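1. For reference, the sequence and a predicted model appear below.
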Amino acid sequence: MNIGEPEEEWEGYNFSGFVPMILAGYRMSAVWRALRGLERLTETIAADIQSEAADYLTWCEAHEHDEYPNEFGLSIDLAAAEVYADEMLAAASELPHLFFGGLVVYLLSTLEATLAGCLEAAQIVTQRPVVKRVPNPKLENYVRALEGCGVHVGWDDEVWAALRQWRDLRNKIVHTFDMPQGAPILSSSAAQEVFWLVDLAIRDVDHAMSALGSFAKRPSP
């Protein structure tokens, strides 16, 4: 799916002007900035940890045969030291899951919050009873409820498939805070993929909301 490239500059939403879209713009802008910052932070922390693990092993190797007369039974076990160093490196490898997994959660939640806000706005404009929340699955039911208000989002099958895939991963992160077997590696590029996917989805919602203009311009009875 060609939904955007990391080198592209992100532009905000300015089609419909509804408040939920303005809020979505602020949230997406924050994520766009966070992507660059977290990528640099992850690289810096990982490099520091790798350097510390290497220094630790070097020190252990240099002092393996040292004697400690005041500490009976104290000795350096290189095998144990290597295991400890590997644990240090494992912590560095978990950072992308922590940082970018959080962005995936935020992005999918932003899309759901945008749909919820748009549904409320659509119900008010079309003078329907306001139902602020829908049952799970939220994406499908928000879109279905919007269609009942004359707002046709029109995501194609490819977008739906990608949204459902990332939503499933989001739910597993939220409920288990664990990386499921076979899940995409949560790196900066993966978070960027979700960013562009959600960006495309929100732009479609934004465009669809413009259909409410005709309702808003109708004179009051």
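-> Okay, I see it. Numbers count the residues shown, from 1 in each chain.
2. For P137, give me its contacts.
-> R167 (C-beta atoms under 8 Å, 6 or more residues apart in numbering). Every C-beta, even on glycine, is put in place using the N, C-alpha and C of the backbone.
3. Can you report phi and psi for it?
-> Backbone torsions for P137, taken as degrees, to the nearest 10, come to phi -80, psi 130.
4. So for it, what's the pLDDT?
-> On pLDDT, P137 comes in at 94.
5. so how far is L163 from it?
-> To L163, P137 is 10 Å away according to C-beta to C-beta, to the nearest Å.
6. what do you get for A113?
-> For A113 relative to L163 (C-beta to C-beta), the value is 14 Å.
7. Show me which of those two is the more surrounded one.
-> Using other C-beta atoms under 10 Å as the criterion, A113 and L163 rank with L163 on top: 20 against 17.
8. Contact partners for that one?
-> L163 touches 108, 111, 139, 155, 197, 201, counting by C-beta under 8 Å, 6+ apart.
9. ok, now D204?
-> Per C-beta under 8 Å, 6+ apart, neighbours of D204: 153-155, 159.
10. Looking at the contacts of L163, spot the one nearest H175.
-> Nearest to H175 among the contacts of L163, counting by C-beta to C-beta, is L108 at 13.3 Å.
11. State the number of residues packed around that closest one.
-> 25.
12. Quick check: it vs A161, distance?
-> Between L108 and A161 the distance is 14 Å, computed by C-beta to C-beta.
13. Show me what the helix of greatest length in the chain is packed up against.
-> Longest helix in the chain, counting residues (DSSP state H): helix 78-125. Contact here means 3 or more C-beta pairs under 8 Å, 6 or more residues apart in numbering; DSSP states H and E; on that basis helix 78-125 packs against helix 19-62, helix 138-148, helix 157-176, helix 188-209.
14. Could you look over those helices and pick the most buried one?
-> The highest average neighbour count among the helices and strands packed on helix 78-125, using mean count of other C-beta atoms under 10 Å, belongs to helix 188-209 at a mean of 21.
15. mind checking how far D77 is from W160?
-> 54 Å.
16. Sorry, wrong one. I was asking about E39.
-> From E39 across to W160, the span is 29 Å (C-beta to C-beta).
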